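Q: Just to be clear, the model below is a prediction. Sequence and coordinates:
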Amino acid sequence: MSTSITFARRARGFTLIEIMVVITIIAVIAAFAAPRILGRSDDARRKAAGIEITTMKRALQMYYLDNNNYPTTQQGLQALVAKPTVAPIPNNWKAGGYVEKLNPDPWGNPYQYLKPGLGGAEFEIFSYGADGKPGGEGKDEDITSSKL
């Protein structure tokens with residue numbers, strides 16, 4: 001007889017009060033955690049763009065070591081993936097490229113390249129940030145190789 005009582009207790013499931021307590025606890029945790037997690041997504045994207053720009057910057061330095069010059073603005077970052085077809089065509093371009101492929105920035109836009117760069121730099125790699133337009137503040141601020 002005690003076996004049937006134990007089975008009946010197990011079979012009844014959770015009470016409405018138990019379910020409400022669990023839902024309340026989950027809601028409180030989500031209320032505290034969500035703003036911290038969601039507010040950090042822009043920071044994470046900006047940091048990821050900075051890492052990609054640093055990687056391309058190093059690839060451009062390898063390109064320079066092989067060819068004694070950086071790609072022109074017209075050749076662009078594509079010169080890191082495929083041998084340029086626009087003059088001046090490098091003689092010592094590394095077979096296989098300097099990077100496997102060019103990824104878009106974390107907002108889905110292509111990275112930009114200038115030679116010469118801004119402020120006297122030899123070149124500049126940059127992302128326009130979240131808005132995809134030059135300038136901006138906060139999450140929309142441009143991310144540039146000269147400021148990393």
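A: Cool, got the structure.
Q: how about the strands in this structure?
A: Assigned strands in the chain, in chain order: 112-114, 124-127, 143-144 (criterion: DSSP state E).
Q: Need these in JSON lines (columns: mean neighbour count, mean pLDDT and distance to Arg46).
A: C-beta here means a position set from N, CA and C on the backbone, and glycine is covered the same way. Listed next are these as JSON lines, based on neighbours: other CB atoms under 10 Å; pLDDT from 0 to 100; distance: least, CB to CB, whole Å:
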{"stretch": "strand 112-114", "mean neighbour count": "19", "mean pLDDT": "97", "distance to Arg46": "16"}
{"stretch": "strand 124-127", "mean neighbour count": "23", "mean pLDDT": "96", "distance to Arg46": "9"}
{"stretch": "strand 143-144", "mean neighbour count": "20", "mean pLDDT": "95", "distance to Arg46": "6"}
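Q: okay if I get the ones you listed as a markdown table plus distance to Asn69?
A: Output for those, formatted as a markdown table (distance: least, CB to CB, whole Å):
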| stretch | distance to Asn69 |
| --- | --- |
| strand 112-114 | 14 |
| strand 124-127 | 16 |
| strand 143-144 | 21 |
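Q: Show me where this structure dips below the pLDDT cut-off.
A: Residues of the chain that meet the criterion pLDDT under 70 lie in 1-12, 35-39.
Q: By residue count, which helix of this structure is the longest?
A: Scanning the chain for the longest helix, with DSSP state H as the assignment, gives helix 41-67.
Q: Centre of the chain to that helix, how far?
A: Taking CA atoms, centre = their mean, to the nearest Å, the mean C-alpha location of helix 41-67 is offset from the chain mean by 11 Å.
Q: Mind listing what's buried along that helix?
A: 42, 45-46, 49-50, 52-53, 56, 59-60, 63, 67 (16 or more other CB atoms under 10 Å).
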